[in-house]
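> Have a look; sequence and predicted model below, questions after that.
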Amino acid sequence: RGPDVIDIRKLYSQTGMFTYDPGFMSTASCKSDITFIDGDRGELAYRGYSIEDLAQNADFLETCYLLLNGELPNTQQKAEFVRTVTMHTMVQEQMHAFFRGFRRDAHPMAILVAAVGALSAFYHDSLDINNPRHREISAIRMIAKLPTLVAMAYKYSLGQPFVYPRNDLSYSANFMHMMFSTPCEPYVGNEVLVRALDRILILHADHEQNASTSTVRLAGSSGANPFACIAAGIACLWGPAHGGANEAALNMLEQIGSADHIGEFIKRVKDKDSGVKLMGFGHRVYKNYDPRAKLMRQTCHEVLNELGLYNDPLFKLAMALERIALEDEYFVSRKLYPNVDFYSGIVQRALGIPKSMFTCIFAAARTIGWIAQWNEMIADPEQKIGRPRQLYTGEARHQLIPIAERA
Ligand code: ACO
């Protein structure tokens, strides 16, 4: 009908193909060597290593090294990587003033988007994204500083002083130290709890071309500063259909309250007009059990046992809800299974992390995936600026009528 339709036809005649694929249901936006998902079989692997193997036998920084470099580090490489990451855990002191500009009750994700974006102001002039060494140092800075910024957002919301990183602790132990220590009382680490946080970070580290990773790639395809690109990814992650689902899933469990109300809740979910979804269920790619959800459920058992909370009512409720949903025709026919977010909120809550911080923890974990994917894209000689087309459905051309003559 309009000139854009003619454009589309031209495009079609030049390339032989034009696809209209809302939500990218069946369009690959890139090639990648990093993460593989078999959604029908419920399998996930980073660089060829299964998520189960990594969650059991590697730690988060080894996983970061793997995602960035394509192979797991040996002992010497790991020691060097850990040393480099820990050298960069502090943020500029001016960031303290930046944080103080926010309302205390601001959502920590709003603060995190801004704080990570603000890092681009500190690392801009010296950064040449076409230089692999510069990209590597940006990646290291990002991995190192995200826990510091997340912990600062938490401390700010509490009105407590910021806690400086401790480089003698492991990555996850330091993360917990910065979140939970106060000048009056240091957080006393517990190996099981620290390992649980480390596992949460591993399970969320990458997930190929999800919405936030695609956002980072799209932002990065214009050559933008990588810290600004990661800030864009964090903004996208915030939504309840993506990273915000862990917070929404725990809210949902609290609202259901007890196993007696599950039937009533499921009825509302099935009523499409209600707008109610079973949060932490369903996935664009997994049409089988999300392998991360299984590992997260196992972590729930470990953490709750460690804390003596064997009968945690929300965990029991979540397992009962899962059992009922997996036998219900509505969920079976649509291949809806628990995703990683169904159980991660319960683990985080047990670790003492409040709901408002769940998505920030996810962002800290996913940062390595975002930056590894950004690095892969920039290094790809075939890389082009991302520029989706559209199917124009608007008006054909109008003749402009002078305003005084318009009806
Ligand atoms: N509860 C109830 N029904 C659901 C759910 C759910 N959680 N998820 C999907 N459905 C239904 C849809 O209503 C639709 O039904 P219909 O065929 O009768 O119309 C069908 O299942 C297919 O769902 P789509 O929306 O087409 O699936 P899509 O791939 O677009 O969405 C998504 C995937 C966004 C994750 C969706 O399942 C959802 O909203 N889940 C709840 C939020 C959530 O847990 N998000 C976390 C995802 S994992 C992550 O980001 C880490």
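Structure's in. What do you need? Numbering: from 1, shown residues only.
> How many residues are close by residue 233?
Each residue near residue 233 was counted by other Cβ atoms under 10 Å, and the total is 31. To be clear about C-beta, it is placed using only N, CA and C from the backbone, and glycine gets the same treatment.
> Show the model's pLDDT score for it.
Looking at residue 233, its pLDDT is 98.
> does it sit in a helix, a strand or a coil?
Counting by DSSP: H, G, I helix; E, B strand; the rest coil, the backbone at residue 233 sits in helix.
> Next, whichever residue of the stretch 51-200 of the chain sits closest to the ligand: phi, psi?
Relative to the ligand, the nearest point of the stretch 51-200 of the chain is residue 200 (11.8 Å; Cβ to the nearest ligand atom). Dihedral angles of residue 200 (phi, psi; degrees, to the nearest 10) stand at phi -60, psi -40.
> same question, residue 400
Torsion angles, degrees, to the nearest 10, at residue 400: phi -70, psi 120.
> ok, which residues in the stretch 151-300 of the chain are in contact with the ligand?
Within the stretch 151-300 of the chain, the positions near the ligand by Cβ under 6 Å from any ligand atom are 241-243, 245, 269, 277-284.
> from these, which two are the most distant?
Using Cβ to Cβ, those span at most 21.1 Å, a distance reached by 243 and 269.
> More neighbours: these two, which one.
A side-by-side neighbour count of residue 243 and residue 269, using other Cβ under 10 Å, places residue 243 first with 28 against 20.
> Next, count neighbours for residue 324.
Residues lying near residue 324 (other Cβ under 10 Å) number 15.
> Show the contacting residues for it.
By Cβ atoms under 8 Å, 6 or more residues apart in numbering, the contact list for residue 324 reads 262-263, 266.
> cool, and residue 206?
When contacts are counted by Cβ under 8 Å, 6+ apart, residue 206 is found next to 34-35, 46, 67, 213, 366, 368-369, 372-373.
> of these, buried ones?
The neighbour-count test (16 or more other Cβ atoms under 10 Å) applied to the contacts of residue 206 identifies 34-35, 46, 67, 213, 366, 368-369, 372-373 as buried.
> pLDDT at the residue of the stretch 51-200 of the chain closest to the ligand, what is it?
With respect to pLDDT, residue 200 scores 97.
> Just give me the neighbour total for it.
Look at residue 200: counted by other Cβ under 10 Å, it has 29 neighbours.
> Could you do residue 374 as well?
Other residues near residue 374 number 26, with proximity taken as other Cβ under 10 Å.
> With adjacent residues omitted, what lies nearest to it?
Spatial nearest neighbour of residue 374, chain neighbours left out: residue 220 (4.6 Å); criterion: Cβ to Cβ, 6 or more residues apart in numbering.
> got it, and residue 64?
Using Cβ to Cβ, 6+ apart, the nearest residue to residue 64 is residue 368, at 4.5 Å.
> List the contacts of the one you found.
63-64, 67-68, 139, 142-143, 205-206.
> Let me know the pLDDT of residue 223.
According to the prediction, residue 223 has pLDDT 94.
> could we number from 266 for the rest of this?
Sounds good: first residue 266 from here, last item residue 488.
> tell me how far the strand or helix carrying residue 404 is from the chain's mean position?
Per DSSP states H and E: residue 404 is located in helix 397-423. Centroid separation for helix 397-423 versus its chain: 14 Å, with Cα atoms, centre = their mean, to the nearest Å.
> Pull out the buried residues from that helix.
Buried residues in helix 397-423, counting neighbours by 16+ other Cβ under 10 Å, are found at 400, 402-422.
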